[in-house]
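>>> task: produce atomic coordinates for the following.
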Amino acid sequence: MTSAVPNLGRDKVSLGVTPTLWWNDDFPLIDIGIPFEQCVSEMALAGFQGCSIGHKYPADAAALKAALDLRDLKVSEPWVSTYFTIGDKDRTVENFKRQLEFLKKVGGQDIVVAEFGQSSHLQPIPVFEHRPHFAEKDWELLVGGLNEIGELAAQSGMRLCYHHHMGTGVQTAEDIDRLMAGTDREHVHLLFDTGHLQLAGDDPLLTAEKHKQRIKHVHLKNVRQPVAEKMKSDHLSFQEGILQGVFTVPGDSQGMIDFRPILTTLGNAGYEGWLVVEAEQDPATACPLQYAKMARAYLAEVLGW
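Model prediction:
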């Protein structure tokens with residue numbers, strides 16, 4: 001029997017899951033009508049301790065907290081899109097402040113952001129060919145904006161965690177290196193997403209090793225490599241890739257990422273926080289509860305609990 005990954009016990013990490021197994025928050029038409037209550041009940045049934053916030057969740061913080069408390073779930077993170085590189089700083093900051101207040105009310109700590117200015121991932125165009133490449137001025141706007149809202153988060157007792165993402169200006173390992181070099185390490189942390197980095201063409205383990213001290217939030221997402229290669233060769237959009245099954249969960253034999261060395265690296269670096277399972281799959285072809293249980297069983301095997 002393979003030994004458990006060290007230093008990632010229940011006292012160090014919490015296991016979460018995103019609602020993108022049950023529906024898609026970027027592409028609302030990827031949906032078979034599963035309601036909020038079923039989604040969070042199945043999250044709890046699968047054995048998770050928390051979840052990120054999806055678009056079907058109650059907008060009232062008290063109602064959301066009550067529904068999650070009933071199922072012994074906590075909020076792992078809300079999502080905030082930023083638009084610093086297209087000159088929409090004021091609206092971005094105001095929206096970020098609103099999300100901070102909401103997060104306080106529901107009892108979370110980490111707030112996840114990604115720069116969607118100039119992004120191609122929501123558009124019906126080839127995602128690889130049309131991802132933005134930031135100019136020097138774009139990087140200045142992004143770094144300055146993140147440092148500002150990162151400080152706002154810290155003042156509220158929260159942590160800003162930046163999510164590198166396909167189809168955006170921070171997509172590759174090189175982009176992450178630049179972002180980490182330019183931002184304030186005290187206020188801007190890294191959300192490390194295994195699937196987005198693998199799909200971008202980089203080795204997630206190398207980035208985990210390089211930035212292990214900056215990683216404060218983790219999305220565990222797997223990749224079906226044949227579909228990833230097809231996305232490039234057939235010039236697919238991000239949505240088309242999702243519908244064809246490019247992403248799946250840890251523990252799926254069709255996925256190609258080995259999570260054990262990545263988790264070992266994080267454990268040895270003293271990681272504490274959320275490990276959040278994510279798989280942007282079509283619920284019409286991938287039963288959400290089945291894949292949630294598959295991922296949880298895999299993590300039980302790797303973590304030992």
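
>>> going forward, measure contacts and count neighbours with C-alpha atoms only.
Noted.

>>> how much space between Pro19 and Thr248?
Per C-alpha to C-alpha, to the nearest Å, Pro19 is found 13 Å from Thr248.

>>> between these two, which is the more surrounded one?
Thr248 (27 against 24; other C-alpha atoms under 10 Å).

>>> isn't the more buried one right up against Val223?
Yes: because the distance of 5.9 Å satisfies C-alpha atoms under 8 Å, Thr248 is recorded as touching Val223.

>>> got any residues that touch both of these two?
Gly255 (C-alpha atoms under 8 Å, 6 or more residues apart in numbering).

>>> just the helices in the stretch 101-250 of the chain please.
136-155, 173-182, 194-200, 204-210, 225-233, 238-243 (DSSP state H, counting those that start in this stretch).

>>> tell me which element Gly267 falls in.
Gly267 is located in helix 259-268, with elements delineated by DSSP states H and E.

>>> what comes up buried for that helix?
For helix 259-268, the neighbour count (16 or more other C-alpha atoms under 10 Å) marks Phe259, Ile262, Leu263, Thr264, Thr265, Leu266, Gly267 as buried.

>>> same question, stretch 126-143
Neighbour-count burial for stretch 126-143 [16+ other C-alpha under 10 Å]: 126-128, 130-134, 138-143.

>>> same check on stretch 99-106?
So stretch 99-106, judged by 16+ other C-alpha under 10 Å, has buried residues Gln99, Leu100, Phe102, Leu103, Val106.

>>> output stretch 101-118 as CSV, nothing but the C-alphas.
The C-alpha trace of stretch 101-118 is given here as CSV (Å, rounded to 0.1, in the frame of the first residue of the first chain):
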residue,chain,number,x,y,z
GLU,A,101,-18.3,42.2,2.6
PHE,A,102,-20.2,39.2,1.3
LEU,A,103,-17.3,36.9,2.2
LYS,A,104,-17.2,38.3,5.7
LYS,A,105,-20.9,37.5,6.2
VAL,A,106,-20.6,33.9,4.9
GLY,A,107,-17.4,33.2,6.9
GLY,A,108,-14.7,32.7,4.3
GLN,A,109,-11.1,33.9,4.1
ASP,A,110,-9.8,33.5,0.6
ILE,A,111,-11.0,35.7,-2.3
VAL,A,112,-10.1,34.5,-5.8
VAL,A,113,-9.4,36.9,-8.7
ALA,A,114,-8.3,36.7,-12.3
GLU,A,115,-7.7,39.4,-14.8
PHE,A,116,-10.3,39.1,-17.6
GLY,A,117,-9.4,42.3,-19.4
GLN,A,118,-8.6,41.3,-23.1
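
>>> what residues does it touch?
For stretch 101-118, using C-alpha under 8 Å, 6+ apart, the contacting residues are 61-62, 64-65, 74-86, 100, 131-132, 142, 153, 157-165, 168-170, 191, 217.

>>> check stretch 298-305 too.
Ser3, Ala4, Val5, Pro6, Leu8, Gly9, Arg10, Pro250, Gly251, Arg260.
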